[in-house]
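Asks: give the three-dimensional model of this entry:
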Amino acid sequence: MAYAREAGYRDMVLWTHESHQAACALYAAAGWTLERSEPVRSFGIDLVEQSWRIVL
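Replies: Okay, here's the model as predicted:
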């Protein structure tokens, strides 16, 4: 993230699944904001995709 700030990026976005609960808790604790949570079917499995954003 330091590199992104130094390079002039204003924000970053990451994509994950709701089932990765430990990772999502870390993102939230680090200041990331959940922007989108959407049910999807991927590789024959029902999942919930999430997009998280942090302002740099």
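Asks: name whatever forms a beta bridge with V40.
Replies: When bridges are called by DSSP bridges, V40 pairs up with L47.
Asks: distance of it from V13?
Replies: 17 Å (Cβ to Cβ, to the nearest Å). To be clear about C-beta, it is placed using only N, CA and C from the backbone, and glycine gets the same treatment.
Asks: so what's E18 closest to, chain neighbours aside?
Replies: V48 (3.8 Å; Cβ to Cβ, 6 or more residues apart in numbering).
Asks: ok, the one you found - contacts?
Replies: H17, E18, S19, S37, E38, P39, V40 (Cβ atoms under 8 Å, 6 or more residues apart in numbering).
Asks: now swap in W32 and tell me
Replies: Contacts of W32 by Cβ under 8 Å, 6+ apart are L14, W52, R53, I54.
Asks: I'd like the distance between the first one and G44.
Replies: Taking Cβ to Cβ as the measure, L14 falls 24 Å from G44.
Asks: who has more neighbours out of these two?
Replies: Legend: neighbour count by other Cβ atoms under 10 Å for L14 and G44, higher for L14 (12 against 5).
Asks: check contacts around that one.
Replies: Here L14 is in contact with Y27, W32, S51, W52 (criterion: Cβ under 8 Å, 6+ apart).
Asks: what strand or helix carries it?
Replies: Using DSSP states H and E, the element containing L14 is strand 11-17.
Asks: tell me which stretches of the chain form helices.
Replies: 2-6, 21-29 (DSSP state H).
Asks: need the ones you listed in JSON lines with mean pLDDT and mean neighbour count, can you?
Replies: Converted to JSON lines, those look like this (pLDDT from 0 to 100; neighbours: other Cβ atoms under 10 Å):
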{"stretch": "helix 2-6", "mean pLDDT": "96", "mean neighbour count": "9"}
{"stretch": "helix 21-29", "mean pLDDT": "98", "mean neighbour count": "12"}
